[in-house]
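J.: The sequence and its predicted three-dimensional model are supplied below.
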Amino acid sequence: MSARADSVSAEPTREECEAAVALARAQAAALPADDLSRYFAERDLHQALIEAGNGEFDDCRDAAARATEELRERRHQLRPGERLKILQPDEIPIPDGMVAPTPENVDRTR
């Protein structure tokens, strides 16, 4: 087997993972802070670091590759006037035209 085949089939290392994350992070930093593709890429980079922390360097590399692809392809973009509303874990999305439930408007007779 050639040396190239050995290197391709070898498990990724922590150093390779960290290098991939650093490269993608630098690419993300070149975009405006409110860029939607940057937002999604940063989520992938966060996942990459979690995987690295768990010793899953192949999954780390995959997540860093997803971030790099997102940044290259810029698949997520907002139209003028649109913005991304990021909910907190305890928030419930309310569709347009609906009213958020409050103690005053909740029917308690059911």
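T.: Looks like it arrived, so ask away.

J.: I'd like the distance from the helix or strand hosting residue 64 to the chain centre, please.
T.: Element membership of residue 64, judged by DSSP states H and E, is helix 57-73. A distance of 9 Å separates the centroid of the chain from that of helix 57-73, by CA atoms, centre = their mean, to the nearest Å.

J.: List the residues that contact residue 58.
T.: Residue 58 makes contacts with 11, 12, as judged by CB atoms under 8 Å, 6 or more residues apart in numbering. In short, each C-beta sits where N, CA and C put it, glycine included.

J.: name the element the residue nearest the centre of the chain belongs to?
T.: Central residue check for the chain by CA atoms, centre = their mean: the C-alpha nearest the mean position is that of residue 43, 2.2 Å away. Counting by DSSP H and E, the element that carries residue 43 is helix 36-53.

J.: who's in contact with that helix?
T.: Contact partners of helix 36-53, identified using CB under 8 Å, 6+ apart, comprise 14, 17-18, 20-21, 24-25, 27-28, 31-32, 57, 59-61, 63-64, 66-68, 70-71, 73-78, 84.

J.: Which of those are buried? Put it as a PyMOL command.
T.: What follows is the PyMOL syntax for the buried subset of the contacts of helix 36-53, where burial is set by 16 or more other CB atoms under 10 Å:
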select buried, resi 17+18+20+21+24+25+27+28+31+57+59+60+61+63+64+66+67+68+70+71
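
J.: For the helix or strand hosting residue 15, name the packing helices and strands.
T.: Residue 15 is part of helix 14-29 when elements are defined by DSSP H and E. For helix 14-29, the packing partners by 3 or more CB pairs under 8 Å, 6 or more residues apart in numbering; DSSP states H and E come out as helix 36-53, helix 57-73.
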